[in-house]
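Enquirer: One predicted model, sequence on top.
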Amino acid sequence: MRLRTLNTATLFFSLLILLLLSGNCISLRASQAKEYLVPFAGKDLNGQPVDLRQSIGSRPVMLIFWASWCPSCVTEVPKINQLAKKYRQRGMDFIAVNVGYNDSVERARAFIKEAAMDYPAVFDSSGMISSRYMIQGVPTVIIADKHGLVRFRDFVVPEIDENDFSQLSAK
């Protein structure tokens, strides 16, 4: 058991060092091949309907998996807000999914208010959405093109330029 913990810790720190050395140059081509969005529907934390099936096939989507206890999630919100401000009017959907793990609806709502999150957030109380997307840490950002093909999956928010947006929106 001790050997397994050591290997996991070594792997974690190796990945952390690799991530830090790689800088912030993240391309939308960083995703795994042939992964598609898994549709889900429900209500956001304001009681408004959210149905991912309406987006798949018609517009690009950014899913942001987060938790109220996650310090990195706080730092990503302004970046996502900027992207939402720039691309929502042009047809991109932004949906946050609180993973529900060790969290509550009340804390999630307080986080949304404090962080000034400007996109809908769903609370995954059963963990089903997070499980379907095989979420292993927060924040996890998933970006899919208008057909639902995942083009980006990582723990940080990438920069999206006009060329990236055109590719995400292409027929």
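Expert: Here it is on my side, so go on.
Enquirer: And the nearest residue to Tyr119 once chain neighbours are set aside, how far from Val157?
Expert: Leaving aside its sequence neighbours, Tyr119 sits nearest to Phe94 (CB to CB, 6 or more residues apart in numbering; 3.8 Å). Every residue, glycine included, has its C-beta placed from N, CA and C. Separation of Phe94 from Val157 (CB to CB, to the nearest Å): 11 Å.
Enquirer: Find the residues that touch each one of these two.
Expert: Common neighbours of Phe94 and Val157, counting by CB atoms under 8 Å, 6 or more residues apart in numbering, are 64, 80, 83.
Enquirer: What subset of those residues is buried?
Expert: 64, 80, 83 (16 or more other CB atoms under 10 Å).
Enquirer: Dump these to a markdown table, plus pLDDT and secondary structure.
Expert: Shown next, in a markdown table, are those (pLDDT from 0 to 100; DSSP: H, G, I helix; E, B strand; the rest coil):
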| residue | pLDDT | secondary structure |
| --- | --- | --- |
| Ile64 | 98 | strand |
| Ile80 | 98 | helix |
| Leu83 | 98 | helix |
